[in-house]
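1. here's my sequence, what's the structure:
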Amino acid sequence: MDEEAFTTNAREATGNLEDEFSRTRAGFRQDPPQRPSVPPLDPSAGPDPGRTVEPRQPQSFVPDSDTRAAATEYVRQKIRHLADAPDAYLAQQPIDVVVRALLQEENNEQSGANRNLEAKMHANFQRVTDNPVMVPAGMDNRSSILHGGRYLGGAGVLLQRHWHEGRKAWGAAGIPTISNYDMEAVSAAGCITAKGWDMIHHPGNPDISIRMFSVTNVGQAASGSRMVQVLGEEGIAVHDNMKDIADMAELKLAIRNVRLAAHQAADWNFTFEVLDGFLLANDYMEKELAGVNKKAAILSGVIDHILKLNAARYTQDTDFLDATKLMATWIAWWGARKSGYTFSGGSSGSNQAASGNNRNKPKNNFSGNGFSNSGFNNGGNSFRPQQQPFGFNQVRSSGPPSNENMCRRFNNGQCSNHWSACSVSTNKGPLRLYHLCNYAVKRDGKFEPCKQKHMRSDHEKLVGKNN
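-> Sure thing, here's the model as predicted:
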């Protein structure tokens, strides 16, 4: 092969090799396959049956009258500014319009731009009162099974209604007593006697005393100390020998204990909260008792008196003593007793309150009929009214009021018993005593007791000296 032919062959081989390299660098790309041509559609052939879709007809929903009425009422409750719109107008509104209006209503309530907090709370109250919830029936055993009704929101009603509704639910006799309450969480564990828990569960029991909620008497009751009281031929009564409250700190702690006990055992009974608020508002009568000795004993006495009055009101299903009535009760109670207490400096309440003219007034004493205005003479000094145990039904009737069966201690302002539970021990058994005035008045030429519903110390002020 000559040189010229060799050169020509080499050039051809090199060109082929370059072409191969070019295809390699291009990744052996190939042209996309050509889609087969489709013949044009013949108009005379008509539509393709496999691809023809019939247009869907819109379906309309026509609600019945009950459904439409329920929907319009719902819109009225949720959107207040549409409350007066007619049914036809509300029924024609598209759902998206109603949804936007609902969202706007919620935003207005939450932003507070158009109303203050008080108005919002009033609106909330109006909403919940207009939309009562259904409380399902269920079980409750006061321990492991608790009904959901216990945890509904608080009722915005007068406390007197709570009192009467609680009385209706518990009945006059109260409910069985338990003491399995978590008092440790409120730092009051071991601060309430068993008798105190029993009083809370039996609100009509007149035996209640603030001493039952004193820490001192918890230890006293645990020691087994008892007082045996002879009631006559019918038998005897055994009472816990409880100590009096010694100082104001102990008294205030006892008030706290009874409040906490009632909150856990009878959360509808706000009488102890009302009493606590009254004492706090009046600074525990600091002004009235300024300089008096045994301040805690005095307040314990009036508190017991108030507790017994509320117990009687529970039994009778009447309103408990509110703040106004508590003040009136305090004025009457203290006014009848302050003369018997000693103030700092050695003076008595009567010397502080009485003027010179009062001290020189003659005493109204009558002895011809067996009694005087300082107290009955026919055995009155031996009478010692006592409170009987709850449920005690053996007290003899004392007949109509007379100078023999009216409570002398009541007329002296010293009886802490309620009028319905005041009696005296006799050799024939306990005898009922009347809480009526024994002031001697002259009628038809004879002296006899006044017999009206006030103490002897209030007779001249309420009735008059000569009546």
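2. run through the bridge partners of residue 446.
-> Following DSSP bridges, residue 446 is listed with bridge partners residue 443.
3. so what's the residue count around residue 75?
-> Residue 75 has 19 neighbouring residues, counting by other Cβ atoms under 10 Å. The C-beta positions use only the backbone N, C-alpha and C, and glycine is treated the same way.
4. which pLDDT does the model give it?
-> The score at residue 75 is 71. That number is its pLDDT.
5. surely it is in contact with residue 90?
-> Yes - under the contact definition of Cβ atoms under 8 Å, residue 75 touches residue 90, with a separation of 5.3 Å.
6. can you verify my assumption that residue 212 contacts residue 242?
-> Yes - counting by Cβ under 8 Å, residue 212 does reach residue 242; the two are 7.0 Å apart.
7. show me the domain layout of this protein.
-> If the domains of the chain are taken from automatic domain parsing, they occupy 67-92, 171-340, 365-462, with pieces of a single domain joined by a plus sign.
8. so how far is the first residue of the first one from its last?
-> By that I understand domain 67-92. Distances were taken as Cα to Cα, to the nearest Å; on that basis the terminal residues of domain 67-92 are 14 Å apart.
9. in it, which residues are buried?
-> Residues 71-72, 75, 79, 82, 90 are the ones in domain 67-92 that count as buried (16 or more other Cβ atoms under 10 Å).
10. picking that back up, now for residue 212 and residue 242: what residues contact both?
-> By Cβ atoms under 8 Å, 6 or more residues apart in numbering, residue 212 and residue 242 have these common neighbours: residue 193.
11. more neighbours: which of the two?
-> residue 212 (27 against 19).
12. list the contacts of that one.
-> Residues near residue 212 by Cβ under 8 Å, 6+ apart: 192-193, 195-196, 199, 242.
13. how many other residues sit next to the nearest residue to it once chain neighbours are set aside?
-> Of all residues not flanking residue 212 in the chain, residue 196 sits nearest, at 3.5 Å (Cβ to Cβ, 6 or more residues apart in numbering). With neighbours defined by other Cβ under 10 Å, the count for residue 196 comes to 24.
14. just the CA atoms of whichever strand or helix holds residue 196, as CSV, please.
-> When elements are assigned from DSSP states H and E, residue 196 belongs to helix 194-201. Provided in CSV are the C-alpha atoms of helix 194-201 (Å, rounded to 0.1, in the frame of the first residue of the first chain):
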residue,chain,number,x,y,z
ALA,A,194,-65.9,14.1,116.1
LYS,A,195,-68.9,15.9,117.6
GLY,A,196,-68.0,18.9,115.3
TRP,A,197,-68.2,16.8,112.2
ASP,A,198,-71.5,15.4,113.4
MET,A,199,-72.9,18.9,113.7
ILE,A,200,-71.9,19.8,110.2
HIS,A,201,-73.7,16.8,108.8
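15. which residues are in contact with that helix?
-> In contact with helix 194-201 (Cβ under 8 Å, 6+ apart) are residues 174-179, 205, 207-208, 212-213, 221, 240, 257-258, 261-262, 265-266, 269.
16. in it, what counts as buried?
-> Within helix 194-201, the residues that qualify as buried are 195-201, counting by 16+ other Cβ under 10 Å.
17. show me the strands in this protein, by range?
-> Counting by DSSP state E, one finds strands in the chain at the ranges 226-230, 236-240, 371-372, 375-376, 386-387, 422-426, 429-432, 440-443, 446-449.
18. comparing those strands by mean pLDDT, which bottoms out?
-> Looking over the strands of the chain, mean pLDDT reaches its minimum on strand 375-376, with a mean of 37.
19. residue 297 contacts residue 244, correct?
-> Yes - if you go by Cβ under 8 Å, residue 297 and residue 244 touch, sitting 5.9 Å apart.
20. looking at the protein, which helix or strand is least sure?
-> Across the helices and strands of the chain, mean confidence by mean pLDDT, DSSP states H and E is lowest for strand 375-376: a mean of 37.
21. could you check how far residue 96 is from residue 102?
-> Here the criterion is Cβ to Cβ, to the nearest Å. By it, residue 96 lies 11 Å from residue 102.
22. quick one, which of these two is more surrounded?
-> Using other Cβ under 10 Å as the criterion, residue 96 and residue 102 rank with residue 102 on top: 14 against 8.
23. which pLDDT value goes with that one?
-> Model confidence at residue 102, given as pLDDT, is 73.
24. verify the contact between it and residue 74 for me.
-> No - Residue 102 sits out of contact with residue 74 when judged by Cβ under 8 Å, with a separation of 10.0 Å.
25. where are the low-confidence patches of the stretch 351-467 of the chain?
-> 351-398, 427, 465-467 (pLDDT under 70).
26. cool, and the stretch 151-300 of the chain?
-> Applying pLDDT under 70 to the stretch 151-300 of the chain picks out residues 220-240.
27. that one: helices as residue ranges?
-> The residue ranges that make up the helices of the stretch 151-300 of the chain, judged by DSSP state H, counting those that start in this stretch, are 159-170, 194-201, 215-222, 248-265, 271-281, 295-316.
28. any chance of these in CSV, with distance to residue 435 too?
-> Written out in CSV, the entries for these read as follows (distance: least, Cβ to Cβ, whole Å):
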stretch, distance to residue 435
helix 159-170, 24
helix 194-201, 22
helix 215-222, 28
helix 248-265, 26
helix 271-281, 22
helix 295-316, 12
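29. on that earlier part again, out of the contacts of residue 212, which is nearest to residue 312?
-> Top of the list for closeness to residue 312, among the contacts of residue 212 and by Cβ to Cβ, is residue 199 at 13.6 Å.
30. which ones are touching residue 265?
-> Counting by Cβ under 8 Å, 6+ apart, the residues that residue 265 touches are 178, 181, 197, 200-201.
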